[in-house]
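# turn this into a model:
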Amino acid sequence: MENQTYFYFMLFERLGHMRYALFTLGFVLYGVIIFLNTLTILAVCLERTLHQPMYILISCLSINSVYGTAAFFPRVLTDLLSNTNTISYDACILQSFVIFSYTLNEFAILMLMAFDRLVAISKPLEYHNIITMRVLTALIFIHCMFPMFCLGISALFTSRLKMCDNKLWKVYCHNYEIVKLSCTNSLISNVWGLLLLIVTCVVPFILILYSYVRILIICHRSSSQFKSKAYQTCIPHIVILLNFSVAFVSEIILSRLVNLEIPIGLSVIISLQFIVVPSILNPLVYALNFTDIRKKIICLLKASR
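Residues are numbered from 1 along each chain as shown. You can find the predicted model right below:
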């Protein structure tokens, strides 16, 4: 099989009339995701008092959610109404790149959030001198572009593999699933993928845990008022981190260690958690827990009437 070919999404074949119900559900979910994240982005952009590192990072999460879901929902909604369910090789590589760059960007932003909270709590008097807008912009750029650069190399390795099969048992393109269809030696792709996972996911996760452990230690030694304020800003970040990490780890385990040994429906739900759930949960958690964001969102909703 030549590389310039098509892949077939096999999981759409047996849906029957259920595809229309799934299309409606997917369309509603995508609309909710765009609506909630756009509100969060606008709230931070339009309210000058929210032009602070913590809120800017929250808006970055929403921008990343819009970016990641744009690679998934339009494609899957089209496939639900189509009878062919094919995707070109190049488009498949591109979709995989966008979805997983969204994933790695999420870890990078969560790591910067943890660092921001650690500096704010451990060195409150020096915070504004350490986390300046220039420093924050540089950190966001570096920590988001580096994973995308590494994923670009991974996509290059994958694009050079010769395919022996074109059946994908997913509802979206997944780099490791493409590599498994190769009939050539994919050792380089596998090793690079493992290194990429360690550098861009495992290392940030360890740094995030270290930051929050330090924060907990500092809070334990502080006054009850300080504890309350610190917990109020940190708990939403921890909830988001745990939700995203569990969802992503589930997808990794499903892809690499389990091969259609569980019901297909459950397999699809698990594989979509890291794309869908954080994109809805993030703006809800921050809107409910941060009064400034909630107030601005309410103002925006009232102004739109």
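
# mind listing the strands for this structure?
For the chain, strands defined by DSSP state E occupy the ranges 6-9, 86-88, 167-168.

# need those in JSON lines with mean pLDDT, can you?
Formatted as JSON lines, the strands of the chain follow (pLDDT from 0 to 100):
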{"stretch": "strand 6-9", "mean pLDDT": "88"}
{"stretch": "strand 86-88", "mean pLDDT": "89"}
{"stretch": "strand 167-168", "mean pLDDT": "87"}
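
# out of those strands, indicate the one that is most buried.
strand 6-9 (a mean of 19; mean count of other C-beta atoms under 10 Å). C-betas here are computed from N, CA, C, even on glycine.

# please enumerate the helices of the stretch 101-250 of the chain.
Shown for the stretch 101-250 of the chain, the helices assigned by DSSP state H, counting those that start in this stretch span residues 127-130, 133-159, 175-180, 187-197, 203-220, 224-256.

# can you put the strands of the chain in a markdown table and add distance to Glu106?
Shown next, in a markdown table, are these (distance: least, C-beta to C-beta, whole Å):
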| stretch | distance to Glu106 |
| --- | --- |
| strand 6-9 | 24 |
| strand 86-88 | 24 |
| strand 167-168 | 23 |
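
# which residues does Pro147 contact?
Listed by C-beta atoms under 8 Å, 6 or more residues apart in numbering, the contact partners of Pro147 are 101, 104-105, 107-108, 196, 200.

# closest one of those to Ala21?
Nearest to Ala21, judged by C-beta to C-beta, of these is Ser101 at 30.8 Å.

# residues in contact with the closest one?
68, 147-148, 151 are the contacts of Ser101 under C-beta under 8 Å, 6+ apart.

# check the nearest residue to Val66 once chain neighbours are set aside and give its pLDDT.
Nearest residue to Val66, sequence neighbours excluded (C-beta to C-beta, 6 or more residues apart in numbering): Asn37, at 5.3 Å. At Asn37, the model reports a pLDDT of 95.

# any idea how many residues pack against Asn37?
Residues near Asn37, counting by other C-beta atoms under 10 Å, number 23.

# cool, and Ile206?
Ile206 has 11 neighbouring residues, counting by other C-beta under 10 Å.

# same question for the one 3 residues further on.
Residues within reach of Leu209, counting by other C-beta under 10 Å, total 14.

# check what pLDDT it gets.
90.

# low-confidence stretches in the stretch 151-300 of the chain?
256-262 (pLDDT under 70).

# so which of the helices of the stretch 101-250 of the chain is the most surrounded?
helix 175-180 (a mean of 20).

# how about the residue nearest in space to the middle of the chain, what does it touch?
With distances taken as C-alpha atoms, centre = their mean, Thr103 lies nearest the centre of the chain, 3.6 Å away. Each residue near Thr103 by C-beta under 8 Å, 6+ apart is listed here: 68, 201, 248, 274.

# ok, now which ones touch the first one?
By C-beta under 8 Å, 6+ apart, the contact set of Gly68 is 98-99, 101-103, 105-106, 275, 279.

# likewise for the second one?
Remark: with contacts taken as C-beta under 8 Å, 6+ apart, Cys201 is in contact with 103-104, 107, 248.

# didn't Gln95 look like it was pressed against Pro74?
No - in terms of C-beta atoms under 8 Å, Gln95 does not count as a neighbour of Pro74; the distance is 10.2 Å.

# these two - which one has more neighbours?
Between Gln95 and Pro74, counted using other C-beta under 10 Å, Gln95 has the larger neighbour count: 19 against 12.

# show residues contacting stretch 10-20.
The contact list for stretch 10-20 (C-beta under 8 Å, 6+ apart) reads 22, 79-82, 85, 167-171, 264, 268.

# closest one to Val44 among the helices of the stretch 101-250 of the chain?
helix 133-159 (13.0 Å).

# got the angle for that closest one vs helix 187-197?
If you take axes from the mean of the first three to the mean of the last three C-alpha atoms, to 10 degrees, helix 133-159 sits at 160 degrees to helix 187-197.

# how big is the angle separating helix 133-159 from helix 203-220?
Going by the same axes, to 10 degrees, helix 133-159 makes 150 degrees with helix 203-220.
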